[in-house]
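Trainee: Pasting a predicted model and its sequence here:
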Amino acid sequence: MATSPATQSAERKPAPTAGGNAIVARGLTRRFGNLVAVDHVDLTVARAQVYGFLGPNGSGKSTTIRMLCGLLLPSSGDIEVLGYKIPQQAEPLKRRIGYMTQKFSLYDDLTVRENLEFVAAVHEFDRARARARIAALLERYWLGNLRDQLAGTMSGGQKQRLALAAAVLHEPELLLLDEPTSAVDPQSRREFWDSLFALVDAGTTILVSTHYMDEAERCHRLAILDRGVLVADGTPRELADALPGQVLLIDCDNPRQAQHALTNLPGIAAMAQIGASLRVLTEDGTNRHDAIVAKLREAGIDARVETTRPNLEDVFVAATRQRPSEDAPARAAQP
Amino acid sequence: MNLRRLLSIVVKELRQLRRDRLTFAMIVGIPTMQLLVFGYAINMDVRHLDAAVLDQAHSAHSREVVAAMAQTGVMDFHYQLHQPQEIDALLRQGKISAALVIPPDFERRLAEAAAPQAAGAGLARAPLQIVVDGSDQIVQQAARQLGALPLQALLNPGQATPSANVEIVNFYNPERRAPVNTVPGLIGVILTMTMVLFTAMAIVRERERGNLEFLIATPVSPAELTIGKVLPFVGIGLVQVTVVLLLGVAIFHVPINGSLLDIYGAALAFIIASLSLGVFLSTLAKSQFQAMQMAFFTFLPQILLSGFMFPYAGMPRPAQWLAEILPMTHFMRLIRGIMLRGATLVELWPALAAIGAFCVVVLGIAILRTRKRLD
């Protein structure tokens, strides 16, 4: 690529100072034709944290991450990542970030070792340094006995460990992970998150998108995206505390029947059956306990109703249902 | 441009290629197969046409003429006919491509031809007639050669006969063997087919499989990526040239009159032109399938207009202009010049310059079209 004068000057600029924010984005917007994939998102990610993007498929998580690392041009908005103006200074930024794509993007027809050797060479490691670094990564990510296996023949969890090893090979300050655990079993997911916290302890900032609640729960902070709009932003606890509605747990013999009975009761935002109980989210802080008990009794259902602590799923449900869904049909698959 | 990164991409490509058995087999298989098919099958100097003879004269001379015609090897007489209508039927059924007709008054016509002044006013009638299936031009041309058969000399060996008006002196290919002409051109055909296709597909594959999204988030530059991916193919192209040359000399005894260095120089220039075209196509194609379609779209004009199959001189003006743009046309001039006529690259510089110009323009457009982004 022809280096433009702008990127050259950026490369000469001293490294941005540590501390402060790793990512600051203001009014970030991206349109694909008529579809607004990302709509005026404001984002602040502090250093040495795991910052989560929670949202359903097509909510703009991937598009946002791609804009943050300069792979897509924003339609409007300002981005600063590690002190670099993006997209103008995307090239020098690329030496300091690691990016793990949603789909496995290393080479299926190369072995684990060959893939890592390639990535090391791309980052201009000399032979000795590459060998030492690859040996360390193979050990840390339990890839040692897979070193000569073709990447295409490995399991989802193994591929994901390889992809993470490749993304962190050059010890980036910022790691962008796009749904890294979508093709991985629960045990591998736990191990994967342990590795992420080890990286954060070493000072790495991690931005990770997910649609798993348990993963979102583990983030230091998270943002909930819905149809391209950032609808909530804070620590998991803050988000749960800020929930306007109440959460009620209804224990009864037939939760489905109870759900049917409560369908038209005003003030109920959402209901979900959890095993033998029904979890009810109300629209606002008004106490609906008595109204619900009365309604159930009216339907001849004997139930125990108690308020409970909201969890992240309640926050997610509340956040993604509040907006009118007039643009819902325009929602498209992720580009 | 960083050499270590460039090299890492070349190494990666070679490692992938080593595991890609099909492509690997095609590198040697395509040139071998094409050489054998084209070398043996394409022969414009037609022999052994299926033919019939209708001898209405039944004289000693007529039998002699039929024997002489058979001897040329151009026609194989499978049918002895008795009625002129039979010719029509056989031609229509495709059983014969030509028929030799000897009229009942053959002896008289022969005498007239021998002494034209005695024949009085009108033109002398030809003593022989050859009916040809004109739907195939090459067959027609072959039969026309027989029209030049010196009948008088054949029948009266003692007599002096007027010699042909124009004598054709055949330089460079005195035996008129087709492979001498086809094999050098085949180097061009094989290189266009494999080089354009392989590069376009190799680059698009990276995009299709998602590897590109990972790569563009690293410091790799588009130039490093493109050159790194294309460099191994330069080596592969030279291997293919070697295969064709070796087989061409061993099987078809194709002469190499020029210097080997010049041949490889011309081939290298043409390989780079074909790779540039492949890179350009890869910037247009969205999938490997599209890349393949586009590559095939460029093959036809290159093969048909380059002079490989049909002489450049016989083409209408617009076709010639188009041919001048195609690198294969210039490569045909280079490779035939060097291999058959013993010319040097320096003597043929305009063709070399034209290939160079093609590379600069096409690769330039391709690089301008390459963005290190997904949109």
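Mentor: Structure's in. What do you need?
Trainee: for the most centrally placed residue in chain A, phi and psi?
Mentor: For chain A, residue A:209 is the residue whose C-alpha lies nearest the centre (Cα atoms, centre = their mean; 1.6 Å). Dihedral pair for residue A:209: phi -100, psi 150, per degrees, to the nearest 10.
Trainee: give me every residue that touches it.
Mentor: A:52, A:53, A:54, A:55, A:61, A:62, A:65, A:177, A:178, A:179 (Cβ atoms under 8 Å, 6 or more residues apart in numbering or on different chains). No exception for glycine: its C-beta is placed from N, CA and C like everyone else's.
Trainee: The residues you listed in helices, which ones?
Mentor: A:61, A:62, A:65 (DSSP state H).
Trainee: Which residue would be the closest one in chain A to chain B?
Mentor: Taking Cβ to the nearest Cβ, chain B has its nearest neighbour within chain A at residue A:121, 3.1 Å off.
Trainee: Against residue A:151, how distant is that residue?
Mentor: Plainly put, residue A:121 is 17 Å away from residue A:151 if you go by Cβ to Cβ, to the nearest Å.
Trainee: per-domain residue ranges of chain B.
Mentor: By the assignment in automatic domain parsing, chain B contains the domains B:3-42+B:177-369, B:49-155.
Trainee: Same check on chain A?
Mentor: A:46-66+A:90-236, A:243-322.
Trainee: related to what we said a few turns ago, what about the residue of chain A closest to chain B, neighbour count?
Mentor: 22 (other Cβ atoms under 10 Å in any protein chain shown).
Trainee: show me the contacts for the closest residue in space to it that isn't next to it in sequence.
Mentor: In this structure, residue A:121 finds its nearest non-sequential neighbour in residue B:8, 3.1 Å apart by Cβ to Cβ, 6 or more residues apart in numbering or on different chains. Neighbouring residues of residue B:8 by Cβ under 8 Å, 6+ apart: A:117, A:118, A:121, A:122, B:228.
Trainee: any idea how far residue B:125 lies from residue B:57?
Mentor: 14 Å.
Trainee: Which one of the two is surrounded by more residues?
Mentor: Using other Cβ under 10 Å, the more surrounded residue of residue B:125 and residue B:57 is residue B:57, with 19 against 13.
Trainee: where does that one fall, phi/psi-wise?
Mentor: Residue B:57 adopts backbone torsions of phi -90, psi -40, taken as degrees, to the nearest 10.
Trainee: Equivalent analysis for residue B:129, please.
Mentor: For residue B:129, the backbone dihedrals (degrees, to the nearest 10) come out as phi -130, psi 140.
Trainee: right, and it touches residue B:103 too?
Mentor: Yes. Under the criterion of Cβ atoms under 8 Å, residue B:129 makes contact with residue B:103 at 7.0 Å.
Trainee: Which one's more surrounded, these two?
Mentor: Using other Cβ under 10 Å as the criterion, residue B:129 and residue B:103 rank with residue B:103 on top: 19 against 13.
Trainee: pretty sure the more buried one is touching residue B:109, no?
Mentor: Yes. At 6.7 Å, residue B:103 counts as touching residue B:109 under the criterion of Cβ under 8 Å.
Trainee: rewinding a little: with respect to burial, which of the domains of chain A scores highest?
Mentor: Ranked by mean neighbour count, the domains of chain A are led by domain A:46-66+A:90-236 with a mean of 20 (mean count of other Cβ atoms under 10 Å in any protein chain shown).
Trainee: Can you give me the first-to-last residue distance of that domain?
Mentor: 15 Å (Cα to Cα, to the nearest Å).
Trainee: Work out the gap between that domain and the centre of the chain.
Mentor: 11 Å (Cα atoms, centre = their mean, to the nearest Å).
Trainee: Report the mean confidence score over it.
Mentor: Averaging pLDDT along domain A:46-66+A:90-236 gives 92.
Trainee: near chain A, which residues of the stretch 201-350 of chain B?
Mentor: B:209-223 (Cβ under 8 Å from any Cβ of the partner chain).
Trainee: who wins for proximity to residue B:247 among the domains of chain A?
Mentor: Minimum separation from residue B:247 across the domains of chain A (Cβ to Cβ) falls at domain A:46-66+A:90-236, 30.6 Å.
Trainee: one step back: please flag which of the residues of the stretch 201-350 of chain B next to chain A sit within strands.
Mentor: Judged by DSSP state E, these include no members of strands.
Trainee: Among those, which are located in helices?
Mentor: Reading helices off these with DSSP H, I get B:211, B:212, B:213, B:214, B:215, B:222, B:223.
Trainee: quick check, nearest of those to chain A?
Mentor: Closest to chain A, out of all of those and judged by Cβ to the nearest Cβ, is residue B:214, at 3.7 Å.
Trainee: State the distance from that closest one to residue B:68.
Mentor: With Cβ to Cβ as the criterion, residue B:214 and residue B:68 are 75 Å apart.
Trainee: pretty sure residue A:295 contacts residue A:260?
Mentor: No. Counting by Cβ under 8 Å, residue A:295 stays clear of residue A:260, with 11.1 Å between them.
Trainee: Can you tell me which residues in the stretch 1-150 of chain B are near chain A?
Mentor: So the stretch 1-150 of chain B meets chain A at B:2, B:4, B:5, B:7, B:8, B:9, B:11, B:12, B:15, B:16, B:19, B:20 (Cβ under 8 Å from any Cβ).
Trainee: Buried by neighbour count: which residues of the helix or strand hosting the fifth one qualify?
Mentor: Read that as residue B:8. Residue B:8 is part of helix B:3-19, with elements assigned from DSSP states H and E. In terms of neighbour count (16 or more other Cβ atoms under 10 Å in any protein chain shown), helix B:3-19 has its buried residues at B:5, B:6, B:8, B:9, B:10, B:11, B:12, B:13, B:15, B:16, B:17.
Trainee: okay, the angle between the helix or strand following that helix and helix B:3-19?
Mentor: Going down the chain from helix B:3-19, the next helix or strand is helix B:21-41, by DSSP H and E. Interaxial angle, helix B:21-41 versus helix B:3-19 (axes from the mean of the first three to the mean of the last three Cα atoms, to 10 degrees): 70 degrees.
Trainee: average model confidence for helix B:21-41?
Mentor: 84.
Trainee: and what of stretch A:74-82?
Mentor: For stretch A:74-82, the per-residue pLDDT averages 94.
Trainee: Show me which residues of that stretch are buried.
Mentor: Applying 16+ other Cβ under 10 Å to stretch A:74-82 flags A:74, A:77, A:79, A:80, A:81, A:82 as buried.
Trainee: Ok, stretch B:51-62 next?
Mentor: Result for stretch B:51-62 [16+ other Cβ under 10 Å]: buried residues B:51, B:52, B:53, B:54, B:55, B:56, B:57, B:61, B:62.
Trainee: Those in strands, which ones?
Mentor: Within the buried residues of stretch B:51-62, residues falling in strands by DSSP E are B:51, B:52, B:53, B:54, B:55.
Trainee: before we move on, back to that, which one of the buried residues of stretch B:51-62 is nearest to residue B:133?
Mentor: Closest to residue B:133, out of all of the buried residues of stretch B:51-62 and judged by Cβ to Cβ, is residue B:51, at 10.0 Å.
Trainee: distance of the closest residue to that closest one other than its chain neighbours from residue B:86?
Mentor: Once flanking residues are discounted, residue B:51 sits nearest to residue B:75: 3.8 Å by Cβ to Cβ, 6+ apart. Distance from residue B:75 to residue B:86, counting by Cβ to Cβ: 16 Å.
Trainee: ok, now residue B:128?
Mentor: Taking Cβ to Cβ, one finds residue B:128 at 18 Å from residue B:86.
Trainee: quick one: which of the two has more around it?
Mentor: A count of neighbours by other Cβ under 10 Å puts residue B:128 above the other of residue B:128 and residue B:86, at 20 against 16.
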